[in-house]
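Colleague: Please find the sequence and the predicted model below.
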Amino acid sequence: MRPNAMPAQDSAAPAEAVTPLMRGLTVLRRLTDTDGSCSLSALERASGLARSTVDRITATLARMGYVRLDGRDAVVAPRLMELGNAYLAALRLPKLLDPHADALADGLDESVSLAVADRDGIRFIHQATRRRAMSLSFRIGDLLPAERTAPGPLFATEWDEADWKRWHERRAADPEDRGFPAVPLRSRPLAGSGGSALGDDFEERTQQAREQGWALDDQLIEPGLVALAMPVRKADGRIACVVSVVSHTSRHSADDLHGTLLPRLRSAVAAMERELHEAPPAAPDAPSGLATWTGASKQELGREFVESLARGLTVITSFGEGRAELTLTEVAEATGLARATARRALITLEHLGYVTAHDRVFRLTPRVLGLGYPSLSRVTLPDIAAPHLRTLSEQVLESTSLAVLAGDEIQYTARVAPSRIMSVNFTVGTRLPAYPTSLGRVMLADQTEPKLPEVTSLTSRTVTDPDELRAALDRVRREGYALVDEELEEGLRSIAVPVRDRGGKVVAAVNIAMHSSRRTIEECVAELLPELRATAARIEADLHVAGRFRKVPSI
Ligand code: PHB
């Protein structure tokens with residue numbers, strides 16, 4: 001077990017702490033440290049919990065859509081990002097500052113990141129990555145030891161004695177940084193260290209950061225990786241977050257990074273501070289995660305559903321934009337939980353460092369991002385769709401696919417075929433003309449002025465007349481699905497529906513394809529369309545959670 005891994009039974013926990021919630025959080029943290037996937041038996045070993053307990057916890061998390069059970073493995077699922085999203089929405093910085101960070105990355109053609117302080121570490125809340133080969137790149141939610149980064153000394157300018165003491169203790173207890181799975185261990189001597197133990201000069205670097213207002217990372221994480229950082233301050237002068245420009249020694253030495261890029265970093269920071277100081281108060285989010293369904297799930301799953309775990313996690317989702325600071329009463333109201341239940345959940349979350357309490361007001365901490373966010377923060381639409389396509393294919397015993405529009409063509413991006421002879425055979429990456437396919441038609445129908453290419457007849461049924469094609473697209477738009485019968489290939493029938501992003505734009509399509517002898521057209525509509533729509537809705541729900549603070553790649 002890593003030295004900082006949480007023991008399953010925490011003897012220091014307050015009497016009111018909710019044990020199943022602590023266990024569930026242990027499992028989620030463990031899954032995060034193992035990059036999102038872990039066998040149930042490894043979870044059992046790492047947590048010290050009984051197998052039956054691990055089974056019930058993972059069944060509950062699966063029911064919530066937070067993990068997927070895949071054979072013997074538990075795998076984090078996109079819906080889990082709901083927890084980190086609650087923190088990021090409450091924080092507001094991503095919404096206000098991400099566009100500035102992206103513009104700076106574009107302007108410099110270098111990676112730019114935003115980080116917040118997380119005790120004696122730094123945690124990323126945004127990454128605008130332009131990294132080329134060679135160096136590792138970090139993800140939203142990754143935690144780094146402060147002394148091995150450029151933002152660290154800037155944050156440490158605000159540390160008090162207790163903070164420095166905690167830092168010294170951590171360094172002594174974990175000299176190799178085993179508690180930070182995102183960074184390489186210190187055991188190997190690193191280039192920038194000049195042979196001395198890394199971080200030995202942290203106090204000195206903090207003093208310099210105080211005087212200069214910026215800080216450097218000269219290969220403290222790994223050889224070649226350099227970064228220049230500046231703080232973004234709130235109106236009261238305290239640091240809200242730190243912006244880093246990250247490069248590689250093949251393009252910039254650390255000194256040269258500071259010499260050439262500091263002026264542009266400075267003006268980006270000035271623009272960010274203006275944005276922050278002038279932003280109107282946040283419009284409150286509608287609280288999500290109403291607890292009513294937990295009771296229903298308990299009824300359905302019985303012993304396998306650990307209601308107190310589900311309720312405790314629901315408390316995290318009651319925070320959000322305009323809901324950064326909540327009282328116990330507000331949490332109880334937003335979740336629909338009894339006050340006593342909400343209170344015990346908050347006490348547990350506070351004990352484990354996921355919330356802080358001041359003057360009866362609770363706030364989420366950046367540690368919430370340690371619950372699955374890093375491994376999920378790079379999911380693509382095909383990743384999101386794959387498990388849902390698998391379920392659909394098993395249900396209807398036909399092949400199902402996801403595709404995007406690429407000019408006049410569709411491109412398959414995910415596909416599941418049941419093992420059966422005669423299954424329709426296109427692989428991921430295959431391109432086909434859009435107009436004679438159901439996938440293409442639902443995507444063309446979303447365009448305001450679809451450009452119809454010269455259409456060639458592929459079968460005796462291919463619609464080639466532009467007016468007829470336009471009428472077909474109108475119908476797709478009205479009915480919300482496309483059914484294409486043997487227009488691409490004799491004997492091939494398929495039905496497709498669109499997949500929309502948070503803004504309602506069609507970003508992909510899903511279909512079921514089959515041999516025309518399998519079902520009549522009427523049966524396709526009556527039997528397959530409802531299942532297909534339900535699948536698209538599940539993909540969209542995940543996409544909307546995963547796409548809240550970053551653009552989810554469609555390919
Ligand atoms: C990063 O964003 O990847 C980053 C930032 C600061 C560092 C190192 C890496 O010191």
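Modeller: Cool, got the structure.
Colleague: Can you tell me which residues in the chain are near the ligand?
Modeller: 113, 137, 138, 149, 150, 151, 217, 221, 225, 227, 244, 246 (C-beta under 6 Å from any ligand atom). For glycine as for every other residue, the C-beta is placed from the backbone atoms N, C-alpha and C.
Colleague: so can I have CSV of those residues showing pLDDT, neighbour count and secondary structure?
Modeller: Below are the residues of the chain next to the ligand laid out as CSV (pLDDT from 0 to 100; neighbours: other C-beta atoms under 10 Å; DSSP: H, G, I helix; E, B strand; the rest coil):
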residue, pLDDT, neighbour count, secondary structure
113, 98, 29, strand
137, 88, 15, coil
138, 95, 26, coil
149, 97, 28, coil
150, 98, 30, coil
151, 98, 30, helix
217, 95, 25, strand
221, 94, 26, coil
225, 94, 24, strand
227, 96, 24, strand
244, 98, 28, strand
246, 96, 27, strand
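Colleague: where does whichever residue of the stretch 301-450 of the chain sits closest to the ligand fall, helix, sheet strand or coil?
Modeller: Closest residue of the stretch 301-450 of the chain to the ligand, C-beta to the nearest ligand atom: residue 374 (12.2 Å). Each residue gets one of three states, and residue 374 gets helix by DSSP: H, G, I helix; E, B strand; the rest coil.
Colleague: Thought residue 182 was touching it, still the case?
Modeller: Yes - counting by C-beta atoms under 8 Å, residue 374 touches residue 182, with 7.0 Å between them.
Colleague: neighbour count winner among these two?
Modeller: Neighbours around residue 374 and residue 182, counted as other C-beta atoms under 10 Å, are more numerous at residue 374. The numbers are 25 against 20.
Colleague: residues contacting the more buried one?
Modeller: Taking C-beta atoms under 8 Å, 6 or more residues apart in numbering as the criterion, residue 374 is in contact with 32, 35, 139, 140, 141, 142, 182.
Colleague: where does residue 185 land in three-state SS?
Modeller: Applying three-state DSSP: residue 185 is coil.
Colleague: The residue of the stretch 301-450 of the chain closest to the ligand and residue 33: what is the separation?
Modeller: Here the criterion is C-beta to C-beta, to the nearest Å. By it, residue 374 lies 10 Å from residue 33.
Colleague: what does residue 109 give?
Modeller: 33 Å.
Colleague: Check residue 521 too.
Modeller: Taken as C-beta to C-beta, the span from residue 521 to residue 33 is 51 Å.
Colleague: what about the two, which has more around it?
Modeller: Ranked by neighbour count (other C-beta under 10 Å), residue 521 and residue 33 place residue 33 first, with 20 against 12.
Colleague: quick one, helices of the stretch 201-350 of the chain?
Modeller: 202-212, 254-278, 292-301, 307-316, 328-335, 339-351 (DSSP state H, counting those that start in this stretch).
Colleague: Compare the mean pLDDT across those helices and name the weakest.
Modeller: Least confidently modelled of those is helix 292-301, at a mean of 74 by mean pLDDT.
Colleague: what residues does that one touch?
Modeller: Under C-beta under 8 Å, 6+ apart, the answer for helix 292-301 is 59, 60, 63, 305, 307, 310, 311, 314, 336.
Colleague: so what's the first one closest to, chain neighbours aside?
Modeller: Excluding the flanking residues, the one nearest residue 59 by C-beta to C-beta, 6 or more residues apart in numbering is residue 304, at 4.4 Å.
Colleague: ok, now which ones touch that neighbour?
Modeller: 55, 56, 59, 60.
Colleague: What strand or helix carries the residue in the stretch 401-550 of the chain positioned nearest to the ligand?
Modeller: Of all residues in the stretch 401-550 of the chain, residue 550 sits closest to the ligand, at 14.4 Å by C-beta to the nearest ligand atom. Under DSSP states H and E, no helix or strand contains residue 550.
Colleague: what pLDDT does it get?
Modeller: 94.
Colleague: Same check on residue 319?
Modeller: 96.
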